[in-house]
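Peer 1: Sequence and predicted model, in that order:
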Amino acid sequence: MEPDHTRVVARLSETRYLSRCACNGGTYHLHWDAATFRLTPEGLLFLAQVLKDLLARGGGGVVWLGAVGLRFQEAEGQDLLRLLQQGLVLPDALSMGYFRHLN
């Protein structure tokens, strides 16, 4: 159950959804099965870019959020990317740029 100060902005299922609260400049809460990850708008945009790059290679993969690895098959990765893109609300200053990751 979501706290009163959050709002679900995108949902795949009861256990996989993205919510946003006004705390810390609009923190996002990514709920994925039994785990919940707190991400800034910049962090969420970075995660979406990493997923997009990994999925472009084909197949599944693992994305590390701190010390926790989120393993996904290709279809799950596509679902997660769609969830992030649907729920992401960016200030104009952030939407102008993008983030890249380095391996």
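Peer 2: Alright, I've got the coordinates.

Peer 1: And the helices in this protein?
Peer 2: Remark: helices assigned in the chain by DSSP state H are 41-56, 74-87, 92-95.

Peer 1: Return the helix or strand in the chain with minimum mean pLDDT.
Peer 2: Of all helical and strand segments in the chain, the minimum by mean pLDDT, DSSP states H and E falls on helix 92-95, at a mean of 46.

Peer 1: For Asp33, which of the helices of the chain is the nearest?
Peer 2: Asp33 lies closest, by Cβ to Cβ, to one member of those: helix 74-87, at 10.4 Å. C-betas here are computed from N, CA, C, even on glycine.

Peer 1: so what does the closest one touch, helix or strand wise?
Peer 2: In this structure, helix 74-87 makes packing contacts with strand 6-11, strand 16-21, strand 28-32, helix 41-56, judged by 3 or more Cβ pairs under 8 Å, 6 or more residues apart in numbering; DSSP states H and E.

Peer 1: Identify the bridge partners of the closest residue in space to Gly69 that isn't next to it in sequence.
Peer 2: The spatial neighbour of Gly69 that comes closest, neighbours along the chain excluded (Cβ to Cβ, 6 or more residues apart in numbering), is Val62 at 4.7 Å. For Val62, the beta-bridge partners are Arg71 (DSSP bridges).

Peer 1: Was I right to think Val62 contacts Arg71?
Peer 2: Yes - using Cβ atoms under 8 Å, Val62 is in contact with Arg71, at 4.8 Å.

Peer 1: Quick one: closest of the helices of the chain to Glu14.
Peer 2: Using Cβ to Cβ, the nearest of the helices of the chain to Glu14 is helix 74-87, at 13.4 Å.

Peer 1: circling back to that earlier point, mind putting the helices and strands packed on helix 74-87 into CSV with mean pLDDT and mean neighbour count?
Peer 2: Shown next, in CSV, are these (pLDDT from 0 to 100; neighbours: other Cβ atoms under 10 Å):
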stretch, mean pLDDT, mean neighbour count
strand 6-11, 92, 15
strand 16-21, 94, 19
strand 28-32, 94, 21
helix 41-56, 92, 17
